[in-house]
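Q: Build the 3D model from these lines:
(chains A, B, C and D)
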2 protein chains.
Amino acid sequence: MTNIASGNTLAAVASLIGDVARANILSALMDGRALTAGELAWHAGVSAQTTSGHLAKLTDASLIAVEKQGRHRYFRLSSPDVAQAMEALMTVAASGPTRHRPTGPTDTAMRTARTCYDHLAGKLGIAIADALTSKGHVVISDGAGAVTRKGSVFLREFGIDLANDTKGNRPLCRTCLDWSERRAHLAGQLGAALCIRCFDLGWIKRTKDSRAVAITRSGEAGFAKTFGIKAFGNRALGMS
Amino acid sequence: MTNIASGNTLAAVASLIGDVARANILSALMDGRALTAGELAWHAGVSAQTTSGHLAKLTDASLIAVEKQGRHRYFRLSSPDVAQAMEALMTVAASGPTRHRPTGPTDTAMRTARTCYDHLAGKLGIAIADALTSKGHVVISDGAGAVTRKGSVFLREFGIDLANDTKGNRPLCRTCLDWSERRAHLAGQLGAALCIRCFDLGWIKRTKDSRAVAITRSGEAGFAKTFGIKAFGNRALGMS
DNA sequence: GCCACATTTCGGTCTGCACCGAACTATCCT
DNA sequence: AGGATAGTTCGGTGCAGACCGAAATGTGGC
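A: Predicted coordinates for the structure are as follows:
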């Protein structure tokens, strides 16, 4: 019983995430959007009353934030910190002993391409990271990434302009360990910008009731042409 | 109830961390060392029998790993992933609504300087990161850090040699958000190397029963001379 | 004003599990 | 061998909290 401060409230937070219904709620919010209590009840798999209680607890602890809009209440993750904690827990969960992990259709879609709070993850996210790395546009090591000079030019052409710092150092970005692939993909400013750009270009579309994203026809062409990534959909995702 | 895979086992892991006794156990292991079941029982604040049960659960889930040595069983965190998840949870806990966070003497020591798995955290960790940043030895942004060319030279002189990658890109390092200071400090390869070097130089020493580290007399002189960090101990930590 | 829908509050049930006392196994020491 | 120390297993107790039914509050549409 050394430090009360860390052990105590740390347990409280983990305990909140440690309930299946609440974990499902938080997972559903992992794409960064805000959902209503009703939608979250559906995701949680429990009744509306029970969900209400869960949402109150999560809000109290500031894991999620509310915004009232008419007769709906929209809930979202209160900060990227929460998303990062969730991702870290998923990584631990995925690296643990392989329980019978049911690989349903939704699961397959999730593994192919999904949003991870504000950036892309899954096979697509990793393929993009690999493509940028192998062409020398970004350098990744030790859980971090940096955009090279060459990369800055490439990204600007693609429609992304990242701010250099005052001394002209190349912009850095966070990497995020993918729980499904156990590989690093791009998060941080760059990851968010890439994700937004792909949505804007119509290369990917959100799917209903899931964080999985679908790759459109033009997306298939675009990813192949710009990043050299081919073979989407049900087939394995690879690079040229 | 969309994805069973993520929601399910994620909750199991979080639930394990979400018990006060187990959270204390994991916290005690956060300095990367291996402790015996008895020591962990003391940290957990519960009886040996109860602790044994907790340790079995944590081991089953691969959150911790055991090593038998005579009549002792040494437990340690099974991977840096677990440490990262813990750190992420602490960050969320610290950013939440300020409960009466008891600021005892141990707590003060923890805030001043402590190990965070394999690197330094607390005021000291941040002061080092600040010092290296302000002198242009490392660049930090977006949850990542990079060592500059100038920084490589400085570190080599200090006794740390980090491997450049094949293309001669400067080594990157992970940063870790400090739950007590809400600032970034250096983790990853660089953070670990710095920590080891400071121990080797005798600038810091481990304290009994805590992750807090004590700054030695020679450490005070060394940190001031090499990094320009002054005013340790009970006084506030600052930079010249 | 009235109905439909979204969400919360209340009350009560029931399960899960953290906890300890006591007894048991294993290892080291002399 | 005998005693001490480290750790586990077993059995029983008690509390916390997740869950739902029913009813209340709030909000928008007609």
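
Q: Got the phi and psi for A:Gly136?
A: Main-chain torsions, A:Gly136, degrees, to the nearest 10: phi 80, psi 20.

Q: how many other residues sit next to it?
A: Residues near A:Gly136, counting by other CB atoms under 10 Å in any protein chain shown, number 14. C-beta here means a position set from N, CA and C on the backbone, and glycine is covered the same way.

Q: how about the residues of chain A near DNA strand C?
A: Taking CB under 7 Å from any atom of the strand as the contact definition, chain A meets DNA strand C at A:36-38, A:48-49, A:51-53, A:55-56, A:71-73.

Q: could these go into CSV alongside neighbour count, secondary structure and pLDDT?
A: Converted to CSV, the residues of chain A next to DNA strand C look like this (neighbours: other CB atoms under 10 Å in any protein chain shown; DSSP: H, G, I helix; E, B strand; the rest coil; pLDDT from 0 to 100):
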residue, neighbour count, secondary structure, pLDDT
A:Thr36, 14, strand, 96
A:Ala37, 19, helix, 97
A:Gly38, 12, helix, 96
A:Ala48, 12, helix, 96
A:Gln49, 9, helix, 97
A:Thr51, 23, helix, 98
A:Ser52, 14, helix, 97
A:Gly53, 13, helix, 97
A:Leu55, 20, helix, 98
A:Ala56, 11, helix, 97
A:Arg71, 6, coil, 90
A:His72, 14, strand, 93
A:Arg73, 18, strand, 96
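
Q: of those, list those near DNA strand D.
A: Of the residues in the residues of chain A next to DNA strand C, proximity to DNA strand D by CB under 7 Å from any atom of the strand holds for A:Gln49, A:Gly53, A:Arg71.

Q: Tell me the one of those nearest B:Thr175?
A: Checking those against B:Thr175 by CB to CB gives A:Gly53 as the nearest, at 36.9 Å.

Q: which residues touch the residue nearest in space to the middle of chain A?
A: Nearest to the mean C-alpha position of chain A, counting by CA atoms, centre = their mean, stands A:Cys116 at 0.6 Å. Shown in contact with A:Cys116 (CB atoms under 8 Å, 6 or more residues apart in numbering or on different chains): A:Met30, A:Asp31, A:Ala83, A:Glu87, A:Gly125, A:Cys176, A:Asp178, A:His185, A:Ala187, A:Arg211.

Q: my guess is A:Pro97 contacts B:Ala61, does it?
A: Yes: if you go by CB atoms under 8 Å, A:Pro97 and B:Ala61 touch, sitting 7.2 Å apart.

Q: With adjacent residues omitted, what lies nearest to A:Leu190?
A: Spatial nearest neighbour of A:Leu190, excluding adjacent residues (CB to CB, 6 or more residues apart in numbering or on different chains): A:Cys173 at 3.9 Å.

Q: How about the helix or strand containing that neighbour, which residues are buried there?
A: Taking DSSP states H and E as the criterion, A:Cys173 maps to strand A:172-177. Of all the residues in strand A:172-177, those buried under the rule 16 or more other CB atoms under 10 Å in any protein chain shown are A:Leu172, A:Cys173, A:Arg174, A:Thr175, A:Cys176, A:Leu177.

Q: Within its sheet, name the partner strands of the next helix-or-strand element following it and how each one runs.
A: Note on strand A:172-177: by DSSP H and E, the next helix or strand toward the C-terminus is strand A:184-186. As defined by DSSP bridges, the strand partners of strand A:184-186 come to strand A:172-177 (antiparallel).

Q: Which residues does the partner strand contact?
A: Strand A:172-177 has contacts (CB under 8 Å, 6+ apart) with A:87, A:91, A:116, A:119, A:121, A:129, A:138, A:140, A:143-147, A:183-191, B:81, B:139-146, B:172.

Q: filter the residues you listed to the buried ones?
A: The neighbour count (16+ other CB under 10 Å) marks A:87, A:91, A:116, A:119, A:121, A:129, A:138, A:140, A:143-147, A:183-191, B:81, B:139-146, B:172 as buried among the contacts of strand A:172-177.

Q: Just the ones of these in helices?
A: A:Glu87, A:Thr91, A:Ala129, A:Gly188, A:Gln189, A:Leu190, A:Gly191, B:Asp81 (DSSP state H).

Q: Which parts of chain A are helices?
A: A:4-17, A:20-28, A:37-44, A:48-60, A:80-95, A:105-112, A:122-134, A:149-158, A:188-200, A:217-222.

Q: Against chain B - does stretch A:203-221 have any residue that ends up touching it?
A: Yes: remark: stretch A:203-221 sits within contact range of chain B at A:Asp209, A:Ser210, by CB under 8 Å from any CB of the partner chain.

Q: Now that stretch: buried residues?
A: Across stretch A:203-221, burial judged by 16+ other CB under 10 Å covers A:Trp203, A:Ile204, A:Ser210, A:Arg211, A:Ala212, A:Val213, A:Ile215, A:Thr216, A:Gly219, A:Glu220.

Q: out of these, which one sits closest to A:Ala109?
A: For the buried residues of stretch A:203-221, the closest approach to A:Ala109 (CB to CB) belongs to A:Ala212, at 3.9 Å.

Q: can you tell me how far that closest one sits from DNA strand D?
A: Remark: distance between A:Ala212 and DNA strand D (CB to the nearest atom of the strand, to the nearest Å) = 24 Å.

Q: Can you tell me the closest non-neighbouring residue to that residue?
A: Among residues not flanking A:Ala212 along the chain, A:Ala109 sits closest, at 3.9 Å (CB to CB, 6+ apart).

Q: returning to that earlier point: can you pick out the most distant pair from the ones in helices among the buried ones among the contacts of strand A:172-177?
A: Spatially, the most separated pair among these is A:Gln189 and B:Asp81, at 23.9 Å (CB to CB).

Q: Please list the residues of chain A that sit near DNA strand D.
A: A:15, A:19-21, A:46-47, A:49-50, A:53-54, A:57, A:68, A:70-71.

Q: Tell me which two of those sit farthest apart.
A: Maximum pairwise distance among the residues of chain A next to DNA strand D (CB to CB): 32.8 Å, between A:Ser15 and A:Gly70.

Q: export stretch A:121-133 as PDB, just CAs?
A: What follows is stretch A:121-133, C-alpha atoms only, in PDB (Å, rounded to 0.1, in the frame of the first residue of the first chain):
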ATOM      1  CA  ALA A 121      -5.800   1.400 -38.600                       C
ATOM      2  CA  GLY A 122      -6.100  -2.200 -39.700                       C
ATOM      3  CA  LYS A 123      -4.500  -3.700 -42.800                       C
ATOM      4  CA  LEU A 124      -5.100  -0.400 -44.700                       C
ATOM      5  CA  GLY A 125      -3.500   1.700 -42.000                       C
ATOM      6  CA  ILE A 126      -0.400  -0.500 -42.000                       C
ATOM      7  CA  ALA A 127      -0.200  -0.700 -45.700                       C
ATOM      8  CA  ILE A 128      -0.100   3.100 -45.900                       C
ATOM      9  CA  ALA A 129       2.500   3.300 -43.200                       C
ATOM     10  CA  ASP A 130       4.600   0.700 -45.000                       C
ATOM     11  CA  ALA A 131       4.200   2.400 -48.400                       C
ATOM     12  CA  LEU A 132       5.300   5.800 -47.000                       C
ATOM     13  CA  THR A 133       8.200   4.100 -45.100                       C
END
